[in-house]
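>>> sequence and predicted model, in that order:
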Amino acid sequence: MTLKDHSNQIDMLHGPLLGRILLFALPLAASSILQQLFNSADVAVAGRFAGYQAQAAVGVNGPVINLLINLFVGLSVGGNVVIANFIGQRRDHEIHTAVHTVVTLALISGFFLLAVGQVAARPMLELMGTPQDTLELAVVYLRIYFLGMPFIMLYNFGSAVLRSVGDTRRPLFCLIVSGVINVILNLVFVIVFHRSADGVAIATVLSNGVSSSLVILFLLREQDPIRLELKKLRVDKGILKRVVRIGVPAGLQGVVFSLSNVCIQSAVNSFGSAAMAGSAAAQNFESFTFYVTNSFNQATVTFISQNYGAHQFDRCKRVLRLSLLSGFIASGCMSAAFCLGRNTVILLFTSEPDVIAYGVTRLLRVGLFSFLAVSYEVTGAALRGTGYSLTPTIITVFGSCVLRLVWVYLLFPNTTSFDRLMSVYPVTWVVTGILMIGTYLLLRKKIYTKNGLAKI
């Protein structure tokens, strides 16, 4: 087994944990934040140089994009878990087969989403009640964006393969390169060629092509058993079944989660373009905090998958404790920093007073408490890493999705208050966290015994 000899990989099965969790999570957080900067750059350039209608057109598409791609991103999580578990069991042949199955699945997913995006763009945006002064720009942006879906899927699935061996640094390098390209192209298309939402969408597609190409190049040059060989691309039914067992519940959680956010976005749309633009600006900072949370989510699922495969149960428990503590501290500090500098950071995206007011409100009502998501994201990742993927999905769907729909359709219409609408987020984070931690504590004894081993 040569994996642990590679300089870009982390030995998750031996030695101290905290430093290795941070070494895994922090580059991943930086990668995810940089990926979000693709959209942030779109929103900022559109708002500053093309007007707040163009900014609203870009921002309104965030929930739609997440709704359509989250099922397949969930499958990439399944690939990560399956490969990491094989690594813990030192099953090189299965690792090699899984890598090629995962990359093939990325290609299939990407072209499927490309087609769906072209057909579904207008109906979904109309269903959300997108204002007429924004609708046409939003449709154009979304259709162009989805032309790059094969690139997005290849990057996400390829990065999942690298994460399974602890390599989060090279995906970060890929996004640094493509992120710089994205910002430059945004400015060129909008300022030089006087394009609007379509220009920033084209820039994002091209930059996504760069990041995915670099990830695939790294995999082609990797050491066995995770080296990619194009002639061996195919779907192994046994591996696919394992990936689906873990990935589909994770993906469905993301889909339903995004569906609830689409409904909330529809309520935001009822306040007009200024609220849409302000909400979109503030959402960028919430996303940055969430990606820090998600980096410890991914660290937890990968470290526990490997150690669970090696039957190192005490080490699995330590991974969860350290990831929860680190996640709360890191995301909490980021939430506080954005809220303390709220007036300054919102000005990066807009100078319109009405837009600023809505953005600041969202930061104080939502951004300040976004660290609470660590409680259920990281604990759910611990369950998923041991093969219990459906359980955290059910809890999250109820706590963060069903309750949000109840809030939007039963409580919000009685007040039509933007403040009241935004309060849905911290309330549901608290409820979901309590449910997830309680479930983990009930299942822990069963999970970490040899007789209770789940099949991954």
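The structure has been received and is ready for your questions. The shown structure was predicted, so the numbers you read here are calculated from the model rather than taken from an experiment.

>>> do you know how far the closest residue to V402 other than its chain neighbours is from E286?
Using C-beta to C-beta, 6 or more residues apart in numbering and skipping the chain neighbours, the partner closest in space to V402 is S260 (7.9 Å). To be clear about C-beta, it is placed using only N, CA and C from the backbone, and glycine gets the same treatment. Distance, S260 to E286, using C-beta to C-beta, to the nearest Å: 15 Å.

>>> ok so, going back, tally of neighbours for the residue nearest to V402?
Residues near S260, counting by other C-beta atoms under 10 Å, number 22.

>>> just L403 next, same as before
For L403, the neighbour count with other C-beta under 10 Å is 17.

>>> hmm, it is touching V430, no?
No. With contact defined as C-beta atoms under 8 Å, L403 does not reach V430; the gap is 10.4 Å.

>>> helices of the stretch 151-300 of the chain, residue ranges please.
Along the stretch 151-300 of the chain, counting by DSSP state H, counting those that start in this stretch, helices occupy 169-187, 197-220, 237-269, 273-309.

>>> and the ones you listed: which comes nearest L154?
Evaluated over the helices of the stretch 151-300 of the chain, closeness to L154 peaks at helix 197-220, with 4.0 Å, by C-beta to C-beta.

>>> same for the closest one, what does it pack against?
Applying 3 or more C-beta pairs under 8 Å, 6 or more residues apart in numbering; DSSP states H and E, one finds that helix 197-220 contacts helix 18-49, helix 52-89, helix 92-127, helix 132-147, helix 149-164, helix 169-187.

>>> hmm, the residue nearest to V402 is touching G399, no?
No. Contact criterion C-beta under 8 Å: S260 and G399 do not qualify, at 10.6 Å.

>>> from I181, how far off is S211?
9 Å.

>>> what sits against V243?
75, 78-79, 82, 98, 101-102, 105 (C-beta atoms under 8 Å, 6 or more residues apart in numbering).

>>> how close does it get to R170?
From V243 across to R170, the span is 22 Å (C-beta to C-beta).

>>> go on, G78?
Noted for G78: a distance of 21 Å to R170, by C-beta to C-beta.

>>> neighbour count winner among the two?
The neighbour count for G78 versus R170, taken as other C-beta under 10 Å, is higher for G78 (27 against 20).

>>> quick check: the more buried one vs W429, distance?
From G78 across to W429, the span is 25 Å (C-beta to C-beta).

>>> quick one on the thing from earlier: mind checking which of S211 and I181 has more residues around it?
A count of neighbours by other C-beta under 10 Å puts S211 above the other of S211 and I181, at 30 against 17.

>>> the residue lying closest to the more buried one once chain neighbours are set aside: how many residues sit nearby?
Distances taken as C-beta to C-beta, 6+ apart place S178 nearest to S211, at 3.8 Å, with adjacent residues excluded. S178 is flanked by 25 other residues according to other C-beta under 10 Å.

>>> do you know the pLDDT at S178?
Reported pLDDT at S178 in the predicted model: 89.

>>> look up how far Q118 lies from it.
23 Å.

>>> kindly report the same for G385.
Distance from G385 to Q118, counting by C-beta to C-beta: 36 Å.

>>> which element is G327 on?
Assigned by DSSP states H and E, G327 falls within helix 313-340.

>>> pull the CA atoms of the helix or strand just after that helix into PDB?
Taking DSSP H and E as the definition, the helix or strand that follows helix 313-340 towards the C-terminus is helix 342-347. This file holds the C-alpha atoms of helix 342-347, laid out as PDB (Å, rounded to 0.1, in the frame of the first residue of the first chain):
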ATOM      1  CA  ARG A 342     -21.400  44.200   8.200                       C
ATOM      2  CA  ASN A 343     -21.700  47.700   6.700                       C
ATOM      3  CA  THR A 344     -18.300  47.400   5.100                       C
ATOM      4  CA  VAL A 345     -18.700  44.000   3.600                       C
ATOM      5  CA  ILE A 346     -22.100  44.700   2.100                       C
ATOM      6  CA  LEU A 347     -20.600  47.700   0.400                       C
END
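
>>> begin at 26, not 1, for the rest of this chat.
Got it, first residue is 26 now, which makes that one helix 367-372.

>>> could you point out the helix or strand that follows helix 367-372?
Going down the chain from helix 367-372, the next helix or strand is helix 378-390, by DSSP H and E.

>>> list the buried residues of that following helix.
379-381, 383-388, 390 (16 or more other C-beta atoms under 10 Å).

>>> wait, isn't N105 in contact with S189?
Yes. Contact criterion C-beta under 8 Å: N105 and S189 qualify, at 5.1 Å.

>>> which residues are in contact with both of these two?
Shared contacts of N105 and S189 (C-beta under 8 Å, 6+ apart): 327, 330.
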